[in-house]
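Undergrad: coords please:
(chains A, B, C and D)
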Number of protein chains: 2
Amino acid sequence: MTRRATIRDVALRAGVSLATVSRALNGSPLVKEGTKRRIVEVAEELDFAPSLSARRLSLGKTQTITVVVSFLTRPQAAERLRGIDAALADSEFDLVIYNVETVEKRNLYFRTLPLRQRTDGLLVVSLPPPDEDVLRLQGSDVPIVFVDAYENTTRLPRVLGDDVAGGELATQHLLELGHRRVGFVGDAFANPFGFTSSRDRFEGYERALALAGRKHAQEDVALGAHGRYEARDLASHMLSNPDRPTAIFAASDTQALGVLAAAQDLGLHVPDDLSVVGYDDIEACDFVGLTTVRQHLFESGRQGAQLLMSEIVRREPIPRSVVIQPEIVRRRTTGPRK
Amino acid sequence: MTRRATIRDVALRAGVSLATVSRALNGSPLVKEGTKRRIVEVAEELDFAPSLSARRLSLGKTQTITVVVSFLTRPQAAERLRGIDAALADSEFDLVIYNVETVEKRNLYFRTLPLRQRTDGLLVVSLPPPDEDVLRLQGSDVPIVFVDAYENTTRLPRVLGDDVAGGELATQHLLELGHRRVGFVGDAFANPFGFTSSRDRFEGYERALALAGRKHAQEDVALGAHGRYEARDLASHMLSNPDRPTAIFAASDTQALGVLAAAQDLGLHVPDDLSVVGYDDIEACDFVGLTTVRQHLFESGRQGAQLLMSEIVRREPIPRSVVIQPEIVRRRTTGPRK
DNA sequence: CGGTTACATGAAAGCGGTTACATCGGAGGG
DNA sequence: CCCTCCGATGTAACCGCTTTCATGTAACCG
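TA: Next up, the predicted model:
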C-alpha cells in the first residue's frame, strides 16, 4: 500500500477509459449498467478514493464553506456553529473554520478569505467587517452571508436578531412587574470590533422606558468591558447606593451573572430585593434560573448557512436581511417590585 | 473583473515565465531581486491570489487538518477546539471541522475521512473509534492523533487526561474534609460511543476509598444518562434517604450542577449539609462556586494539534500517549463534614 | 581569450480529476 | 440494403499551479 489508487488505476484494471470511470463514479446516466457495476467493484477492490484537490481544481469549485467567527468559545458562537453544521451536514460542502479574537486577525481574514480560489461561500458570524472592506465585500464574487453582524452590513445579505426589540422586551417585562427604576449594565458602546448589541439593547431599554413615560437616571446606567467580573464591579457600585434601582437589565447573560454575584456580595436577595434580566439564553441561565431574552442561536446559524447554500447552489437572489425575533424567558431572577 | 487572474496572467504581464512567477511568489532565492519586485507588483495590480486547489494538487498536500469532534457545543469541546485553533492559527493549515452527534455519523467519518486525498492530518476529539476501524486506523497513511479518547486508541498517538487520577483526587479531597460516606453520580458505563470517563473517574473514586480503608455502599452510587436533569433525579433519590452520604462526587460538572439542584430541592445546604465536587472545570463552575477537577481542556487541544503538526511537518515519530494531569480546584461547594 | 561555473530564467511534464468532442457499433427508417 | 441517428465509450484538452531539467548569460579562471 505504497501509493493510493487513482482513477487511472481503476480504469486500467476495469479495462475502460478514464472518462468512463469518472462518469460511472459520478453517476452519469451515460454508462451502461454492467460497466458501471464492474467499475464500482474495481474501485472498491483498489480502495479508491478520488483526490479532492484534483476534483476541485477540475470542477472549479472548492466545495467548501468558510466560517469566520469571533470568540469561538463563547457559548453563543458554539451554538450558532452547531446550527451551521446542521445545515451543512448532509451537503457536499466541507466546513472550514477561522476563529477571530484580535482585530489583526479580523482584518487579515476579511482581506484574504473572500476569494473564489479559496471558498465557495463565506459565513461571517458575530463580526462586522471593517469600514475599508465593505465596498470590496459588496462587489465580491464569493457569496457572503453575515450572521449577527449589524454594522457595515446594511447592503449585504445577513441574518440578524432584533436587539432593540429584545432590549425593549426585557425592560418591559421589568416595568410590568412594577419596577420604576431599572438599571442597565452593558458593554461600552465603542469597541474595536464594532459590536453593536450592547448599544442596541440599550436603545430598546430606553424605548421601553420612554413608552412608560420614564427616563433612566444617569447613575442607573453602567458600561464597561465585557465579562462577568467587570459587570460585577459595575453592578456593585450601582447597587451600593442606598437609592438604587430595584431591577437591572444586563446586556448579556454573562454580565447578568456578574450582577447576580454583586447582589450576593451585597446581601441583596434576588428577586425580592433585586430583579435581574440577561440576554442570550445561554445554557447557564437554566441552572441559575436567570430570566433572559432568548436569541435563537442555533436557528440563526442554520438560516445563515441555508441562505448561503441557496445562493451558491441555486444562484438565488438573497433576501437582504432576515430578522429573527427574540423572546423573553421568565425564570427565577425576576419578580414583582416589593 | 469577470475572471480572476491566474499565474499565467501575471507572467504575461510581467514579461516572464510561469515558473519564475511561481518561484517569486513562493520566495525562492533563485529569483533576481528586481524581477521579484516587478512580479509582486504586477500580482498586486491584478489582485492575484493563487488557486488553493491547484496548489494543493500540484504539491500533493491538502494543507488541511481535519478535526472530528463529538458534541461540538459542549463547553469542553469548544474549549479544546480553541486550543487546536491556537496551535494552527499561524500555520499554513486550514481547519476543517466535522461534528458528530450520532453513531452513524461517527462510523461514516471514521471510514471516509482518514485519507491522504482528503486531509494531511486527522485530529479526533472525544470520540473513540469503533472496534472495526481500529486496525485500519493503525495502518492509515494519514497521521492521526486522538484527544480525550481512551478506548481503542492504545496503539495510536493520543493526548489523554488521567481520569482515574482525577477521580481519586476529587474523592481524596472529600475524605480529607472528614467525609465518611461519599456518593458517586455519573454516566452509565456502557454507551454507544464508548466514552470511558465516567467509568474511569469511578475507578479513581473507588481507589481513593480503598486507600482510606473504605468501600462505597451500594446505594451511594447512581448511574444514568448524561445531563443535568438526569443527575438531579439520581441525586434526589440518593439524598432522600435519611441515611445519606454527606458528600457527592459527580463525574462531570454538568451532573454536579444537577446534584446541586437536587440539594436545593431538598432544602439541603451546600456545603454544610452536603459537599459536591464536579469534573471538567467548565466556565459555569466559577460563578456557581463549584469545587471541581480541572482538566486542561485548552491545553489538551493545543498539544494534540502540535503533536499532529510535528508528525506531518517533520515526520517525527509521535510519542504514544501524552497524559495531562488533572488538578483539583477548591471552591465553595465543599467543606468539612459537620 | 576559451572554458568552466554559478546564477537566473524558460519549457514542459506532471498532479488527478472532468468533460467537450470524436468515434464506433448497432437499431430503426426509407 | 444503405443511411441516419443514438447510446456507450474513448481521446485529449484543460483546470492552475509546482518543479525538474535544459538553456542562456555573465562572471571568473588559468
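Undergrad: number of nearby residues for A:Q306?
TA: A total of 18 residues lie near A:Q306 under the criterion other C-beta atoms under 10 Å in any protein chain shown. The way it works is simple: take the backbone N, C-alpha and C, and place the C-beta from them, glycine included.
Undergrad: need the contact list for A:V42.
TA: With contacts defined as C-beta atoms under 8 Å, 6 or more residues apart in numbering or on different chains, A:V42 is in contact with A:10, A:13-14, A:48.
Undergrad: so which of these is the most crowded?
TA: Using other C-beta under 10 Å as the neighbour criterion, A:V10 leads the contacts of A:V42 with 26 neighbours.
Undergrad: tell me the pLDDT at it?
TA: Note on A:V10: pLDDT of 94.
Undergrad: so is it in a helix, a strand, or just coil?
TA: Judged by DSSP: H, G, I helix; E, B strand; the rest coil, the three-state class of A:V10 is helix.
Undergrad: show me what contacts it?
TA: Contacts of A:V10 by C-beta under 8 Å, 6+ apart are A:21, A:39, A:42-43, A:46, A:48.
Undergrad: Let me know the closest of those residues to B:H173.
TA: A:F48 (55.1 Å; C-beta to C-beta).
Undergrad: And the closest one, how far from A:D9?
TA: 7 Å (C-beta to C-beta, to the nearest Å).
Undergrad: cool, and A:A231?
TA: From A:A231 to A:D9 the distance is 62 Å (C-beta to C-beta).
Undergrad: repeat for A:A210
TA: From A:A210 to A:D9 the distance is 74 Å (C-beta to C-beta).
Undergrad: With distance to B:R111 as added columns, please give the contacts of A:V10 in CSV.
TA: Formatted as CSV, those follow (distance: C-beta to C-beta, whole Å):
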residue, distance to B:R111
A:V21, 21
A:I39, 20
A:V42, 19
A:A43, 15
A:L46, 16
A:F48, 14
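Undergrad: Any regions of chain A where pLDDT drops low?
TA: Counting by pLDDT under 70, the low-confidence segments of chain A come to A:1-2, A:316-319.
Undergrad: Scan it for its longest helix.
TA: helix A:297-314 (DSSP state H).
Undergrad: A:V96: what secondary structure?
TA: strand.
Undergrad: ok, and the closest non-adjacent residue to it?
TA: A:T66 (4.8 Å; C-beta to C-beta, 6 or more residues apart in numbering or on different chains).
Undergrad: Am I right that that neighbour is in a strand?
TA: Yes. Using three-state DSSP, the secondary structure at A:T66 is a strand.
Undergrad: Tell me how many other residues surround it.
TA: For A:T66, using other C-beta under 10 Å, the count is 25.
Undergrad: how much space between it and A:Q138?
TA: 18 Å.
Undergrad: how close does the residue in the stretch 201-338 of chain A positioned nearest to DNA strand D get to A:N107?
TA: Taking C-beta to the nearest atom of the strand, DNA strand D has its nearest neighbour within the stretch 201-338 of chain A at A:I312, 18.0 Å off. According to C-beta to C-beta, A:I312 and A:N107 sit 25 Å apart.
Undergrad: any idea how far the residue of the stretch 151-300 of chain A found nearest DNA strand C lies from A:R23?
TA: Nearest residue of the stretch 151-300 of chain A to DNA strand C (C-beta to the nearest atom of the strand) works out as A:P157 at 27.0 Å. To A:R23, A:P157 is 36 Å away according to C-beta to C-beta.
Undergrad: Same check on A:V159?
TA: Using C-beta to C-beta, A:V159 is found at 39 Å from A:R23.
Undergrad: the more surrounded of the two?
TA: Higher neighbour count among A:V159 and A:R23: A:V159, with 29 against 18, using other C-beta under 10 Å.
Undergrad: Phi and psi next, for A:V182.
TA: Per-residue torsions, A:V182: phi -110, psi 120 (degrees, to the nearest 10).
Undergrad: ok, it - contacts?
TA: Contacts of A:V182 by C-beta under 8 Å, 6+ apart are A:171, A:174-175, A:205, A:209, A:216, A:220, A:245-249.
Undergrad: 7 Å - rerun?
TA: By C-beta atoms under 7 Å, 6 or more residues apart in numbering or on different chains, the contact set of A:V182 is A:171, A:174-175, A:245, A:247, A:249.
Undergrad: Equivalent analysis for A:S275, please.
TA: A:174, A:177, A:179, A:246-247, A:333-335.
Undergrad: count of neighbours near the residue in the stretch 51-200 of chain A positioned nearest to DNA strand D?
TA: Residue of the stretch 51-200 of chain A nearest DNA strand D, by C-beta to the nearest atom of the strand: A:S58 (3.8 Å). By other C-beta under 10 Å, 12 other residues sit near A:S58.
Undergrad: likewise A:T62?
TA: A:T62: 25 neighbours (other C-beta under 10 Å).
Undergrad: From B:L59, how far off is it?
TA: 16 Å.
Undergrad: ok, and the closest non-adjacent residue to A:A87?
TA: What sits nearest to A:A87 in space, not counting adjacent residues and going by C-beta to C-beta, 6+ apart, is A:A305, at 3.5 Å.
Undergrad: Now do the contacts for the one you found.
TA: A:84, A:87-88, A:123.
Undergrad: Restricted to helices, list these.
TA: A:84, A:87-88.
Undergrad: who wins for neighbours among those residues?
TA: A:I84 (28 neighbours).
Undergrad: Do I have it right that that one meets A:V124?
TA: No. Applying C-beta atoms under 7 Å, one finds A:I84 not in contact with A:V124, separated by 11.3 Å.
Undergrad: which residues of chain A fall in strands?
TA: Taking DSSP state E as the test, the strands found in chain A are A:64-70, A:94-100, A:121-125, A:144-147, A:158-161, A:182-187, A:221-224, A:247-250, A:275-280, A:291-294, A:321-324, A:327-329.
Undergrad: Right, I'll leave it there.
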